[in-house]
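> Sequence and predicted structure below; questions after.
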Amino acid sequence: MIDALVDPLEFGFMQRAFLAAGLAAIVCAVVGTFVVLKGMAFMGDAVAHSSLAGMSVAYFFGGSIFWGAFAWAIPASILMTGISRRTHLSLDTSIGIIFASGFAVGIILMSRVNNYTADLFGFLFGNVLGVSWNEVALIGGISGAVLVVVVAFYKELLYTSYDATMSAASGIPVRFIQYLLPVLVGITAVVSLKAVGIILVLALLVTPPATGALLARRLPGIMAYSVATALLATILGLYLSFHADFPSGPSIVVVATGLFLLAFLFSPTKGIVWHRNRLTGMPATESAS
Amino acid sequence: MKDTTDKYQNKPLSHESTSLTQAPPDDVQTAPKYELSSGGDYAEPHPQELALEVRGLWTGYNGHPALENINLKVAQGEIVGVIGPNGSGKSTLMKAILGLVKPWKGGAYVMGQPAATRRRIVGYMPQMEDVDWEFPVTVRDVALMGRYSGRGLLRRTNREDRDAADAALQRVGMHDLGERLIGELSGGQRRRVLLARALANDPVLLLLDEPVAGLDATAQHRFLDTVDELRSEGKTVVLSTHDLSCVSEWCGKAACLNRTLIAYGPPGEILDEQVLSETFGSHLLLVHTDGRAYAYEHHRHDTASDVETEGEAGT
C-alpha cells in the first residue's frame, strides 16, 4: 500500500505532474467558484477551445505553445465580453462565435502539420506527464499572479458578482471588474491546458466549485472546499493514472466527478440522502418579518 | 445617526459652491403643472435645507427620453412617494440621482452638491428582482457591502465597518438573523436586509425603489413603520410605489411621474382623479379593497385579451 503511494514519486515526471496539475487545480478551483456562481461555464470552455488557434500558430512557427495559447486567450476573453456589450447580441452568442472560430483556425493550422493526430490529441486532452520543470515554474508563476489578483479584488469581485447595480452605485469600477473576471477565467484555462487539455478544462473550472457549493454556505467556505476537492482529485487522479495506466487528464476529471457525486449524495446540509429525512435548511416560510 | 445630518447642515451649501461639476442650469425651471405649496408642514423649503434637488433633469436610453425636465425639491426629514405606471421613469429617476444613468441636461443635487459626488451619503435599495437571492452570502455579508462605498479599491473592510453593518441590521430588526443566507429569508426579511445595506453608511438620503411591492398589507405596514422611524430620526426618504394608499398614509409628498412630473405636493391635495388619470393614462381604474386604493392600468399593447392587469405591484 505504502509502495503504491511512494513509488510514483520516485519518478521525476510524476513529481512535475503532481506540481503542475496541483497548481492548475488550485487556481481553477478559486476562479471557478466565480464561474459557477455567475453561470460563466460556457465562457471558460470557449476560451480554452479558442486558444487552440494560438497553440497551433505557435506550434506551426515553432514558438512556445503555452505563450501562444496565452496570447490568444486574453484578447478572446475581452472580445467575448466586448462584442455583447457593444451590440445587442447576447453574451452566449458572442462566446459561441469566438469559441468556434478559434477552434476552426486551430484545426486548419494543425492539419498542415505531419503528425497531426498525435499532437492534436495532446492539446485536446493534456499531457501533464510530459511537463517540463520550466513549464511547472511558468504554471506556478501565473497561477500565483492570478491568485494575488483574486485576493486583491475579492471585495469587488464578490460585490459585482452579487449585485452589479449596487456596486456601481458604491463607486466600484464595475466595467473593469466585468472585464477582469473573463480575463482571469481565460488565463486560468490556459494554465490548466497542460494538465487536462482543452476539452476537459471545463471540468476543473466547474466540478470542484460545484462540490464546494454543496458542502459550504458562504463564498469563502465554498472556495475552500473547492480547492480541497480539486487537490484531492488531482492527487488521486494521478495515482489512478499511474497504476492503472489511464490517461492523466481524464483520470483527474473522473475522480473529481466522483467526489462531486459523493457530496451530492451525502452532503450534511444539501445531500439528497439526508435531506429526505430532515427539515432543516428549509427556507423560512413566514411572509412577514 | 443625527451626527451626519448635523454635520452636513452646518456646512455652507449654497449652489454657487458646486464647483465640482458644471453649475446647475438655470434656463429650465418649469414647475410641475399642479404643484401646490400648502403652508405649515410642507412650506417651500429653504434651499440650504434641501436633502435633494432635481433641476431640469432630462435623461433616457438609446436616444429615447425616459425623463423630461424633472424639477423636484425634497427637504430633510421628508418622505416622498414617487408614483407612476410601468416605464414612467421611477427607477430611472433614482438611477439618475445615483449617477448610474447620465443626465442629458440638468442634474440632481444632494445637500446642495452634485449628487454624483455625494454617493456616500445616499443609501439605495434596488428592486427585489435586481438582486441575486441565490448568491451564497449571509445577511451580515450583505449589510457589510453597504460600507464598500467608503472603502477604496483593494481596501479590506475593518472593525468599524463591521460594527456599522451590525448597527444597521439592529436598526431594521435583522440582527438575530445575521448568519442566515439571504436565500433563506422571507420577502419582508429580504427587504429589511436591503434596507440595512442602504443604511450601513449612515446616509442622509435614502432612495428605495419599490420597497413594498409584492408584500402583504401587514408586512408593508411593518416596513413602512421602520421607514417612518428613520424619517423621524432625520433621514430623508424617496420611495417609489404603485400603492396609492401607501403614499397617502406614509408620504408627506407625492410625486406623480410619467416621463414628466405631472404633480408634486402633499398627497391629500394633489391626488385627484385628473392628476391620476394623467399619470396612469386614461384607462386608469381605481379599486378600493381592504381600505386600500390600488391603481390598475389598462394594458394598451395587449391586443389578445382585454384584461385589466394590476400595474407594477406584483402580488
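Structure's in. What do you need?

> count of neighbours near A:Phe11?
By other Cβ atoms under 10 Å in any protein chain shown, the residues close to A:Phe11 number 12. From N, CA and C alone the C-beta is placed, and that goes for glycine too.

> what do you get for the one 5 residues further on?
With neighbours defined by other Cβ under 10 Å, the count for A:Arg16 comes to 19.

> mind listing what it touches?
Counting by Cβ atoms under 8 Å, 6 or more residues apart in numbering or on different chains, A:Arg16 touches A:131-133, A:135-136.

> Could you report the distance from B:Leu239 to chain A?
16 Å (Cβ to the nearest Cβ, to the nearest Å).

> packing partners for the strand or helix carrying that residue?
Per DSSP states H and E, B:Leu239 falls inside strand B:236-241. Secondary-structure packing of strand B:236-241 (3 or more Cβ pairs under 8 Å, 6 or more residues apart in numbering or on different chains; DSSP states H and E): strand B:50-61, strand B:64-75, strand B:79-83, helix B:90-98, strand B:205-208, helix B:217-232.

> Mind checking the pLDDT average for the fifth one?
Summarised as a single mean, pLDDT over strand B:205-208 is 94.

> Would you mind pulling the contact partners of it?
Contacts of strand B:205-208 (Cβ under 8 Å, 6+ apart): B:51-52, B:74, B:94, B:97-98, B:110-111, B:121-125, B:195, B:198-199, B:227, B:230, B:235-240.

> try 7 Å
B:51-52, B:94, B:97-98, B:110, B:121-125, B:198, B:230, B:235-239 (Cβ atoms under 7 Å, 6 or more residues apart in numbering or on different chains).

> The fourth one now?
Where contact means Cβ under 7 Å, 6+ apart, the residues beyond helix B:90-98 that reach it are A:169, B:52, B:57, B:59, B:66-67, B:70, B:82, B:84, B:101, B:103, B:108, B:115, B:119, B:122, B:124, B:127, B:207, B:209, B:240, B:257.

> What of the third one?
Outside strand B:79-83, the residues within contact range by Cβ under 7 Å, 6+ apart are B:74, B:90, B:93, B:227, B:231, B:237-242, B:244, B:246-247, B:250-257, B:279.

> Now, of those residues, which are buried?
Neighbour-count burial (16 or more other Cβ atoms under 10 Å in any protein chain shown) is assigned, among the contacts of strand B:79-83, to B:74, B:90, B:93, B:227, B:231, B:237-242, B:244, B:246-247, B:250-257, B:279.

> and B:Asn201, which of the three is it?
coil (DSSP: H, G, I helix; E, B strand; the rest coil).

> Tell me the spacing between it and B:Met125.
13 Å (Cβ to Cβ, to the nearest Å).

> What of B:Glu53?
Counting by Cβ to Cβ, the gap from B:Glu53 to B:Met125 is 21 Å.

> Then B:Val237?
10 Å.

> ditto for A:Met1
59 Å.

> So which of the two has more stuff around it?
Per other Cβ under 10 Å, whichever of A:Met1 and B:Met125 has more neighbours is B:Met125, with 24 against 5.

> I'd say the more buried one and B:Val193 touch.
No. B:Met125 lies out of contact with B:Val193 (Cβ atoms under 7 Å); the separation is 9.7 Å.

> before we move on, back to that, keep only those of the contacts of A:Arg16 that are in helices.
When the contacts of A:Arg16 are checked against helices (DSSP state H), the matches are A:133, A:135-136.

> so what's the one residue in the stretch 101-250 of chain A that gets nearest to chain B closest to, chain neighbours aside?
In the stretch 101-250 of chain A, the residue that lies nearest chain B is A:Ser170 (3.6 Å; Cβ to the nearest Cβ). Spatial nearest neighbour of A:Ser170, chain neighbours left out: B:Ser149 (3.6 Å); criterion: Cβ to Cβ, 6 or more residues apart in numbering or on different chains.

> Could you verify my assumption that the one you found touches B:Pro203?
No. Applying Cβ under 7 Å, one finds B:Ser149 not in contact with B:Pro203, separated by 9.7 Å.

> Looking at those two, which one has more neighbours?
Ranked by neighbour count (other Cβ under 10 Å), B:Ser149 and B:Pro203 place B:Pro203 first, with 26 against 22.

> May I have the residues that are in contact with the more buried one?
With Cβ under 7 Å, 6+ apart, B:Pro203 has these contacts: B:121-123.

> Quick check: pLDDT value at the residue nearest to it when sequence neighbours are not counted.
Distances taken as Cβ to Cβ, 6+ apart place B:Gly123 nearest to B:Pro203, at 3.7 Å, with adjacent residues excluded. pLDDT for B:Gly123: 92.

> and B:Gly123, how far is that from B:Lys235?
8 Å.

> can you check B:Val193 too?
Counting by Cβ to Cβ, the gap from B:Val193 to B:Lys235 is 18 Å.

> Comparing the two, which shows the higher neighbour count?
B:Val193 (29 against 26).

> Quick check: which ranges of the stretch 1-150 of chain B have low pLDDT?
B:1-48, B:150 (pLDDT under 70).

> cool, chain A as well?
A:274-289.

> Could you export stretch B:258-274 as CSV, CA atoms only?
Below are the C-alpha coordinates for stretch B:258-274, written out as CSV (Å, rounded to 0.1, in the frame of the first residue of the first chain):
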residue,chain,number,x,y,z
ASN,B,258,-45.0,59.7,-16.2
ARG,B,259,-41.9,60.8,-18.1
THR,B,260,-42.7,64.3,-16.9
LEU,B,261,-43.5,65.3,-13.3
ILE,B,262,-47.3,65.7,-13.5
ALA,B,263,-47.9,66.8,-10.0
TYR,B,264,-45.9,67.2,-6.8
GLY,B,265,-47.2,68.0,-3.4
PRO,B,266,-49.0,66.7,-0.3
PRO,B,267,-51.0,63.6,-1.4
GLY,B,268,-54.2,64.8,0.1
GLU,B,269,-54.1,67.9,-2.1
ILE,B,270,-52.8,66.6,-5.4
LEU,B,271,-54.1,63.1,-5.8
ASP,B,272,-57.3,63.8,-7.6
GLU,B,273,-58.8,61.9,-10.5
GLN,B,274,-57.5,64.4,-13.1
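
> which parts of that stretch are buried?
Buried, per 16+ other Cβ under 10 Å, within stretch B:258-274: B:258-267, B:269-271.

> so which strand or helix has residue 191?
Picked chain A for this. helix A:174-215.

> nope, chain B
helix B:187-199.

> between that helix and helix B:217-232, how many degrees?
20 degrees (axes from the mean of the first three to the mean of the last three Cα atoms, to 10 degrees).

> tell me which strands and helices helix B:187-199 is in contact with?
strand B:122-125, helix B:139-145, helix B:159-171, helix B:217-232 (3 or more Cβ pairs under 7 Å, 6 or more residues apart in numbering or on different chains; DSSP states H and E).

> In TSV: these, plus distance to A:Gly96.
TSV is the format used below for these (distance: least, Cβ to Cβ, whole Å):
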stretch	distance to A:Gly96
strand B:122-125	35
helix B:139-145	33
helix B:159-171	41
helix B:217-232	44
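
> May I see the buried residues of the helix or strand where A:Pro75 lies?
For A:Pro75, the element it lies in under DSSP H and E is helix A:65-86. Applying a neighbour-count criterion of 16+ other Cβ under 10 Å, one finds A:65-66, A:68-74, A:76-77, A:79-81, A:83-84 buried in helix A:65-86.

> contacts with chain B among those, please.
Among the buried residues of helix A:65-86, proximity to chain B is found for none (Cβ under 7 Å from any Cβ of the partner chain).

> ok, those vs B:Ala213, which is closest?
Set against B:Ala213, the nearest of the buried residues of helix A:65-86 by Cβ to Cβ is A:Ser84 (29.8 Å).

> Name the residues of chain B found near chain A, please.
Residues of chain B lying near chain A (Cβ under 7 Å from any Cβ): B:98, B:100, B:119, B:124, B:126, B:130-132, B:135-138, B:141, B:145, B:148-149, B:153-154, B:156, B:181, B:183-189, B:192, B:216, B:218-219, B:222.
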